[in-house]
Structure formats: structure tokens, C-alpha cells
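Enquirer: this is a predicted model, with the sequence first.
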Amino acid sequence: MKNIFLVFIFCLVVQVTFAQGCSDAGICSIGNGFDSDEKELKNNIEIAAIFGTGDADITYISPYIAYTRKFNAKFSLSTKVTFSSANGDFGTRAAFGDAYLIGNYTFKEVKNKQWSALAGWKFPFTSSNLKINGFSLPLDYQSSLGTFDLFLGTNLKYKKWDFNAAIQIPVFNNNKNSYFDEFSASDDFPTTNLFERKSDALFRTTYTIKPTNSKFTFKPNVLFIYHLGEDTFENQFSEREAIEGSDGLTINGNLITSYQINKRNSIELSLATPFLVREIRPDGLTRGFVAGVNYRISF
């Protein structure tokens with residue numbers, strides 16, 4: 001147990017020391033929860049709150065609620081609704097963000113190896129053009145990117161290891177953001193007028209640590225997210241411009257700690273921060289540090 005505690009403290013130190021920025025349009029959070037050990041419980045509800053810090057001293061509070069239904073041993077369906085409140089020099093803006101619908105199919109375990117596959121959609125509640133006092137806001141203050149996204153992914157579970165790969169594809173763009181850096185008093189954010197975002201690919205590796213006769217479970221994991229192209233915006237002359245440096249790799253570190261209160265109830269703490277970031281992240285998803293806590297009930 002002492003070694004587990006040291007791992008936990010080390011990860012906390014890493015979270016604070018290397019806080020630089022994070023980019024996640026939703027791909028990081030799909031399918032990363034704990035599987036229930038109680039196979040007969042078919043329903044799972046999560047209520048969570050996430051705190052984060054971003055560029056230009058912006059702070060975020062982002063609660064969500066999620067529901068998962070296990071139809072049988074192989075197939076489950078999850079839904080999630082997000083909300084976000086951003087506070088910074090521009091003011092405070094809060095709104096519903098996105099809704100998710102994710103299906104997961106688990107194949108039969110063979111020789112300690114078990115594959116699963118997921119597919120799903122993200123639906124925005126806004127067109128990413130929320131304003132304060134009539135002034136356009138950069139994407140850092142928006143609760144959604146305004147895109148309808150397709151998720152496709154797979155996971156290999158081998159003993160205590162999980163290896164997860166996924167892609168997030170913006171299929172339909174409803175982003176109507178109208179922020180121009182040239183007309184703003186701030187130089188902290190790039191122009192994102194009628195922003196169009198490229199796809200993301202993810203690879204994540206997770207190791208599960210569950211001490212004997214303990215209600216705690218620890219899941220340190222590392223995520224590699226590659227942004228598959230440069231994002232674009234429309235300039236003052238109605239010409240589309242690429243944002244140089246907006247493609248490339250982000251590496252995030254994450255520690256999930258779960259405490260099983262009883263058969264039906266658990267609480268989970270998640271801490272995340274990036275180790276490597278893209279040169280520029282115009283999508284406004286920059287996070288220097290993220291801490292989340294959620295309560296789960298199964299029935």
C-alpha cells in the first residue's frame with residue numbers, strides 16, 4: 001500500500017510541475033471510466049464536476065451527467081450531457097456544451113486478451129458564438145466547438161493493461177464563431193471567425209493497480225493525441241486561411257483514482273495535465289491542469 005501511495009503522490013507532483021496546456025475535443029474522455037465488477041447491475045449514472053485552468057488565466061468549471069445501460073454482457077450504450085462555465089478577463093460565460101451517444105461492443109476474452117469496439121456521436125448545443133455584452137468571444141470561452149463529430153475506436157485489454165485507439169472526425173460543422181484578434185483589445189487568442197477544425201487521433205495506454213482487499217483502484221494512463229491537419233478560419237476578405245502550427249502531437253498524463261463505497265456506489269478522482277503540446281491551439285481547449293470528481297451509482 002505504501003508503494004501505491006508513493007505513486008499517487010508522484011503523479012500529483014507531475015500534474016502541477018508540468019502544467020502547460022491541453023487539447024481535448026471529447027476524444028480523451030470517451031470510454032475511460034471504470035468497469036463495474038458487479039455484472040448483474042445493468043444501469044450506471046455518473047454526476048461529475050471538472051475544474052480546469054487555461055490560457056490568459058481563464059478558469060473553467062464543467063459539470064456533466066452521464067448514463068450507461070448494459071443490455072447484455074457484450075453491448076452497452078452511454079449518453080452524456082456537458083455544461084461549461086468559463087471565467088477570465090472577458091467576463092464569465094456559461095452554457096450547455098455537447099451531448100454524446102456512444103455504443104460499445106465487447107468481444108469474448110481469449111487467453112487474457114479481450115477486444116472491444118466503440119462508435120458514437122457528439123452533438124453541440126451551441127454554434128460556438130456565445131457573446132458577452134454583444135462582443136464576440138474566442139473559442140476559449142465557448143462551451144462547444146459547434147461540430148457534429150463521429151467517434152470510432154477500439155480497446156485491447158490484456159491482464160492489467162488497456163490499449164485504446166480512437167479517432168474523432170468532425171462530420172458537420174455548425175461553428176459560427178465571429179472572433180477577430182485584430183478587433184480585440186487582447187492579443188492572447190488567435191482569430192477563429194467561422195472556425196473549421198480537423199480530426200483527432202488518439203492512442204492511450206492504461207495500467208490498473210488494485211491492491212488486495214482494498215476498495216481503492218488506481219489507473220495511471222498516458223494519452224497521445226495527434227491533430228491531423230491545420231485548422232482554418234475565414235479572414236476579413238472572406239478568404240479561408242490555415243492556422244500554422246495548429247496540427248501535431250499532444251501528450252497528456254492522467255491519474256484516475258476510484259474508491260468503491262459499496263456494491264452500488266463509488267467515487268472517482270481524475271487528475272490530468274499535458275507533457276507536450278501543439279505550437280498553437282486555436283480551438284480554445286487549452287488546459288494547464290484539470291481535476292475532476294464524480295459520483296457513480298449502479299443499479
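Expert: Received it, and whenever you're ready, just let me know what you need.
Enquirer: relative to F148, how far out is F125?
Expert: According to Cβ to Cβ, to the nearest Å, F125 and F148 sit 12 Å apart. Bear in mind the C-beta positions are built from the backbone N, C-alpha and C, glycine included.
Enquirer: before we move on, what about F51?
Expert: From F51 over to F148 (counting by Cβ to Cβ), the distance is 28 Å.
Enquirer: beta partners of L276?
Expert: With DSSP bridges applied, L276 shows beta-bridge pairing to I251.
Enquirer: residues touching it, list them.
Expert: By Cβ atoms under 8 Å, 6 or more residues apart in numbering, L276 lies in contact with L249, T250, I251.
Enquirer: can you turn the buried part of the residues you listed into a ChimeraX selection?
Expert: Those of those that count as buried under 16 or more other Cβ atoms under 10 Å are selected in ChimeraX with:
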select :250
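Enquirer: and the contacts of L276 as a markdown table, adding distance to A117?
Expert: Rendered in a markdown table, the data for the contacts of L276 read as follows (distance: Cβ to Cβ, whole Å):
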| residue | distance to A117 |
| --- | --- |
| L249 | 25 |
| T250 | 24 |
| I251 | 25 |
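Enquirer: which one of the contacts of L276 sits closest to T205?
Expert: I251 (11.5 Å; Cβ to Cβ).
Enquirer: thought L269 was touching I256?
Expert: Yes: contact criterion Cβ atoms under 8 Å: L269 and I256 qualify, at 7.4 Å.
Enquirer: who has more neighbours out of the two?
Expert: Remark: of L269 and I256, I256 carries more neighbours, 20 against 14, as counted by other Cβ atoms under 10 Å.
Enquirer: pLDDT value on that one, please?
Expert: On pLDDT, I256 comes in at 93.
Enquirer: name the SS class of it, please.
Expert: strand (DSSP: H, G, I helix; E, B strand; the rest coil).
Enquirer: return the distance of it relative to N294.
Expert: Relative to N294, and taking Cβ to Cβ, I256 is found at 10 Å.
Enquirer: which neighbours do these two have in common?
Expert: Residues within reach of I256 and of N294 at once, by Cβ under 8 Å, 6+ apart, are E268, S270.
Enquirer: pLDDT at E40, what is it?
Expert: We have a pLDDT of 73 for E40.
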